[in-house]
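**Student:** Provided below are the primary sequence and the corresponding predicted coordinates.
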Amino acid sequence: MIRYKLLFLTLLASFYCFSQQAPELIIYNAKIYTLDDKNSVAEAVSISAGKIVKVGSSKELLKSKSKKTKLIDAAGKTMIPGLFDSHLHVIRGGRFYNTELRWDGVKSLKLALQMLKEQAARTPKGQWVRVVGGWSAYQFEEKRLPTLEEINQATGNVPTFVLYLYGHAYLNKAGLETLNITADTPVNAGSLIDKDINGNPTGLLVAEPNAYLLYATLAKLPELSHAEKINSTKQFMTELNRFGITAVMDAGGGFQNFPDDYAITDLLCENQELSVRIPHFLFAQKAGKEFDDYSNWIRTVEIGQGCGDHGNHSDSKSGQHSEPLEYYVQGGGENVVASAADFENFDKPRPELSPKMEEQLKSVLELLVKNKWPFRIHATYNESITRFLNVIESINKETPLNGLTWFFDHAETVSEENLKRIKSLGGGIAIQHRMAFQGESFIKRYGLKAANQSPPIRKMLELGITVGMGSDGTRVSSYNPWIGLHWLVTGKTVGGTKHLSDNNVLDRNTALRLYTQGSAKLIGLDGDRGQIKPGYLADLSLLSDDYFQTPESNILKIEAELTVVNGVVVYGKNKFEKVAPKTEKAIPAWSPVNYYGGYQNN
């Protein structure tokens, strides 16, 4: 006890000395929503060594500046804590970002097809045009999907892959020829290659009831070079910073093999070039071999140990002395075993999980629990959640969880009974704005009444369950967090359909807390982030509009004009561009990013 008291006093004394020094950065003349316990609003924040030193009035904090202090006039802009996406596939998404034409935010199908045509014209021989998720048919003013005929007309002889959620994908004629998909091509059970009356493939690939065919087809497309992947990942992180995202929990993903497919983010971390924090989960790839994968990882990987754990460093761009960004293995998941993958395609019936699922899931979860590895489980449907909870409860009786971090992802149709079981086991829930993209499909299959409580966000919070918000970008929803915040406070899809009932939407403060403190709390990191207060991490963002005051419809248009991670400016726009790092051009030169950027917010 004495040792802990001495440690506390030492840390307290260190922070006192640190707080007396002249700050490295002061942002003043802002409207700062601190999200502290009192919901305080302030004007200025001072920062040193990646931490917030003081929050208060501009007049007060400017008195503490020295000749070396960098000053940023916020010009009255709204400041919030940095956003933390609790479910985003950033490591995989970064590797492919420069190859993808994003339809995220595009308002009309006519424009989307025009973009497709333009990109096909500039895509060199041997490469593909690809649209990989993040859009809904209902966001278009035409309120419909493209046809294969339209896609073929737009792309001609350039192979093209267009993914729609995880429901289906389109291959144009050139794509079918390039992949040699013919009338005789075999397909795994559970997926479908659509064929015409002559038995020839039309180009429509259907996930029924799982997305393996879509994953596997996408994995056959050419990859970028090593240098291009580095550039691509940096471009994607900058795109996330553009919307005020400062941290991400990476949820693994299909065809994302550890450690090989982590080499790019490993290198960026070692070179101190990450601009988002990335605690990540490991996703076993081989069905039936998951126990072997996790056994190997448990022997060779230490939870929480990352590339930057050799101590403090001076940021190579700013010279500011600060802790390295988190980049480490956080646990296992999102799919722990393949037989537990209750894939969501609301255009199709709910999939039935294998009767062998319980046995397979229990063996892997027992291994994780015994070795104190946190875990997360993809769980869309209540029927699946019931079976998963049966397994977790049986493990808890034999090997108590004892506060081990674990949570479900998605949980759109979870029941109140199962929410209470999750609470009693100390679990959390990571929700995403997938229904903003799939609400209409859900309503068609299950009805509006069921959609009103899908997911039952209010009930989760009433029961005291830890809830974190995220996107499930990039292949299902868009990574843009403001779609999620708009969805939480309005209950509306990107097509404008209101599916959440009035008693299941949130006020703006609660919604924002789920995207900041809630996500951090899921993995026990809420003690030093998610609020703008002394001693907390200097992860924050100046917004293009006042989130708390702007009309609801304008929330969708919000972007960051300045994003700070670990006390370092990583993104700037308009008048703040001059204080931010210069953004490199995307490579290869034909990348859609150079012509359209990412999310189309206009």
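**Tutor:** Right, received. Where do you want to start?

**Student:** So which residues of the stretch 101-250 of the chain form strands?
**Tutor:** 129-132, 160-164, 168-171, 191-195, 201-207, 245-250 (DSSP state E, counting those that start in this stretch).

**Student:** Out of the ones you listed, the one nearest L88 is which?
**Tutor:** Nearest to L88 among the strands of the stretch 101-250 of the chain is strand 245-250 (4.7 Å), distances taken as CB to CB. Backbone N, C-alpha and C define where each C-beta goes, glycine included.

**Student:** pLDDT on the closest one, on average?
**Tutor:** Averaging pLDDT along strand 245-250 yields 98.

**Student:** again with stretch 567-587
**Tutor:** The model assigns stretch 567-587 a mean pLDDT of 97.

**Student:** May I have that stretch as PDB, with CA atoms only?
**Tutor:** Provided in PDB are the C-alpha atoms of stretch 567-587 (Å, rounded to 0.1, in the frame of the first residue of the first chain):
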ATOM      1  CA  GLY A 567      -0.700  17.000 -29.200                       C
ATOM      2  CA  VAL A 568       0.400  17.000 -32.800                       C
ATOM      3  CA  VAL A 569      -1.500  18.600 -35.700                       C
ATOM      4  CA  VAL A 570      -2.200  15.800 -38.200                       C
ATOM      5  CA  TYR A 571      -4.800  17.400 -40.400                       C
ATOM      6  CA  GLY A 572      -5.800  21.000 -41.400                       C
ATOM      7  CA  LYS A 573      -8.200  22.500 -43.800                       C
ATOM      8  CA  ASN A 574      -9.000  26.000 -45.000                       C
ATOM      9  CA  LYS A 575      -7.300  28.500 -42.700                       C
ATOM     10  CA  PHE A 576      -5.700  25.600 -40.700                       C
ATOM     11  CA  GLU A 577      -4.000  24.000 -43.700                       C
ATOM     12  CA  LYS A 578      -0.800  26.000 -43.100                       C
ATOM     13  CA  VAL A 579      -0.300  24.500 -39.700                       C
ATOM     14  CA  ALA A 580      -0.800  20.900 -40.800                       C
ATOM     15  CA  PRO A 581       1.500  18.400 -42.500                       C
ATOM     16  CA  LYS A 582       1.400  18.600 -46.300                       C
ATOM     17  CA  THR A 583      -0.700  15.700 -47.800                       C
ATOM     18  CA  GLU A 584       1.100  13.600 -50.300                       C
ATOM     19  CA  LYS A 585      -0.500  12.800 -53.700                       C
ATOM     20  CA  ALA A 586      -1.900   9.300 -53.900                       C
ATOM     21  CA  ILE A 587       0.100   6.700 -55.800                       C
END
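
**Student:** Name the residues that touch that stretch?
**Tutor:** 24-25, 47-51, 70, 72, 75, 98, 227-228, 231-232, 234-235, 238, 241-242, 275, 315, 317-318, 320, 322, 538, 542, 544, 559-564, 593-594 (CB atoms under 8 Å, 6 or more residues apart in numbering).

**Student:** Next, count neighbours for the closest residue to G572 other than its chain neighbours.
**Tutor:** Excluding its sequence neighbours, the residue lying closest to G572 (CB to CB, 6 or more residues apart in numbering) is A580, at 2.9 Å. Close neighbours of A580, defined as other CB atoms under 10 Å, add up to 20.

**Student:** What of the one 4 residues further on?
**Tutor:** Applying the criterion other CB under 10 Å, we find 11 residues in the vicinity of E584.

**Student:** Could you say which helix or strand holds it?
**Tutor:** Secondary structure from DSSP states H and E places E584 outside every helix and strand.

**Student:** can you tell me how far it sits from V593?
**Tutor:** Distance, E584 to V593, using CB to CB, to the nearest Å: 10 Å.

**Student:** Could you do S354 as well?
**Tutor:** 40 Å.

**Student:** So which residues make contact with stretch 489-496?
**Tutor:** 136-139, 143, 435-440, 483, 486-487, 498-502, 504-508, 511, 552, 555.

**Student:** quick one on the thing from earlier: what touches both of E584 and V593?
**Tutor:** With CB under 8 Å, 6+ apart as the test, E584 and V593 both reach Q235.

**Student:** Which stretches in the stretch 301-450 of the chain count as helices?
**Tutor:** Under the criterion DSSP state H, counting those that start in this stretch, the stretch 301-450 of the chain contains helices at 357-370, 382-398, 416-424, 435-446, 448-451.

**Student:** the inter-axis angle of the longest one versus helix 357-370?
**Tutor:** This means helix 382-398. Angle, helix 382-398 to helix 357-370, by axes from the mean of the first three to the mean of the last three CA atoms, to 10 degrees: 50 degrees.

**Student:** Could you tell me how many residues sit around F291?
**Tutor:** F291 has 15 neighbours, counted by other CB under 10 Å.

**Student:** To which secondary structure element is it assigned?
**Tutor:** helix 290-300.

**Student:** which strands and helices sit next to that helix?
**Tutor:** strand 278-282, strand 327-332, helix 357-370 (3 or more CB pairs under 8 Å, 6 or more residues apart in numbering; DSSP states H and E).

**Student:** mind redoing it with 6 Å?
**Tutor:** helix 357-370 (3 or more CB pairs under 6 Å, 6 or more residues apart in numbering; DSSP states H and E).

**Student:** quick check: mean pLDDT across the helix it packs on?
**Tutor:** For helix 357-370, the per-residue pLDDT averages 98.

**Student:** what residue lies at the spatial centre of this protein?
**Tutor:** Nearest residue to the geometric centre of the chain (CA atoms, centre = their mean): L88, 2.2 Å.

**Student:** List the contacts of G134.
**Tutor:** G134 makes contact with D104, T474, S478 under the criterion CB atoms under 6 Å, 6 or more residues apart in numbering.
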